[in-house]
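> Could you work out the structure for the sequence below:
(one chain, ligands or ions: 2)
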Amino acid sequence: MALTNKEKMLIEDNLNAEYLCIRKYEQYASMATDSQLKQMFTDLANKEREHANTLKGMLQGSNVTPQNIFESYTPPNGDQSAIQGNLGITDAQLLEDALSTEKHVSSSYNTAVLESVDSNIRKQLQHIQKEEQEHAETLFNAMNSRGWYKVN
Ligand SMILES: [Fe+2]
Ligand SMILES: [Fe+2]
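Residues are numbered from 1 along each chain as shown. Ligands and ions are numbered 1, 2, ... in the order given. As a prediction, the model looks like this:
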């Protein structure tokens, strides 16, 4: 089934968000000081890349040619955690920003799910949205276990 204009637009919005997530998580993997967090950000970047590929697949055959300045970029070169001191960045800040991003992305997928006409597209978007909520959970747990997210 051909995508509606609204479906195309919302899928493209989400694809742009995925490119930003990939870039951000690769950078955060490089910037984090904690090796567990480095691995977590690397894993997240890889999952976001799968999402981007799924969305690109959805747009194939439509007349949309996604143009994104973040699709290709020079990834960070090895460990850059020494940058934290100079910029006043902390691992807690990286997690907080990542969690905020996941909350935004999850609601963006929610909109795309609700505007889906094609049931196959809707199912795939629902699946991705669930994974975004799981990313938020992973990030929340990483913060909470380090005392960086006060729940009470
Ligand atoms: Fe994603
Ligand atoms: Fe995510």
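> State the mean pLDDT of stretch 78-96.
Averaging pLDDT along stretch 78-96 yields 96.
> how far out from the middle of the chain is that stretch?
Averaging C-alpha coordinates over stretch 78-96 and over its chain gives two centres that are 19 Å apart (C-alpha atoms, centre = their mean, to the nearest Å).
> Return the set of buried residues in that stretch.
By neighbour count on 16 or more other C-beta atoms under 10 Å, the buried set for stretch 78-96 is 81, 84, 89, 91, 94, 95. To be clear about C-beta, it is placed using only N, CA and C from the backbone, and glycine gets the same treatment.
> cool, stretch 95-112 as well?
Residues 95, 98, 99, 101, 102, 105, 106, 108, 109, 112 are the ones in stretch 95-112 that count as buried (16+ other C-beta under 10 Å).
> ok, the one helix or strand residue 46 maps to near ligand 1 or not?
Residue 46 belongs to helix 35-59 when assigned by DSSP states H and E. Yes - taking C-beta under 5 Å from the ion as the criterion, helix 35-59 and ligand 1 are in contact, through 48, 51.
> Any idea how far that helix is from the middle of the chain?
Using C-alpha atoms, centre = their mean, the distance between the centre of helix 35-59 and that of its chain works out at 7 Å.
> Show me which of the buried residues of stretch 78-96 is closest to residue 59.
residue 94 (30.6 Å; C-beta to C-beta).
> quick one on the thing from earlier: restricted to helices, list the buried residues of stretch 78-96.
Cross-referencing these against helices under DSSP state H gives 84, 91, 94, 95.
> Format those residues as CSV; extra columns: distance to ligand 1.
Supplementary listing: those in CSV, determined by distance: C-beta to the ion, whole Å:
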residue, distance to ligand 1
84, 25
91, 21
94, 17
95, 17
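> Nearest to ligand 2 among those?
When those are compared for distance to ligand 2 (C-beta to the ion), residue 95 wins out at 13.2 Å.
> host element of the residue nearest to that closest one when sequence neighbours are not counted?
The shortest distance from residue 95 to any residue that is not its chain neighbour, by C-beta to C-beta, 6 or more residues apart in numbering, is 4.9 Å, and that residue is residue 143. Under the criterion DSSP H and E, the helix or strand holding residue 143 is helix 119-145.
> Would you mind pulling up the elements that that helix packs against?
helix 5-31, helix 35-59, helix 91-114 (3 or more C-beta pairs under 8 Å, 6 or more residues apart in numbering; DSSP states H and E).
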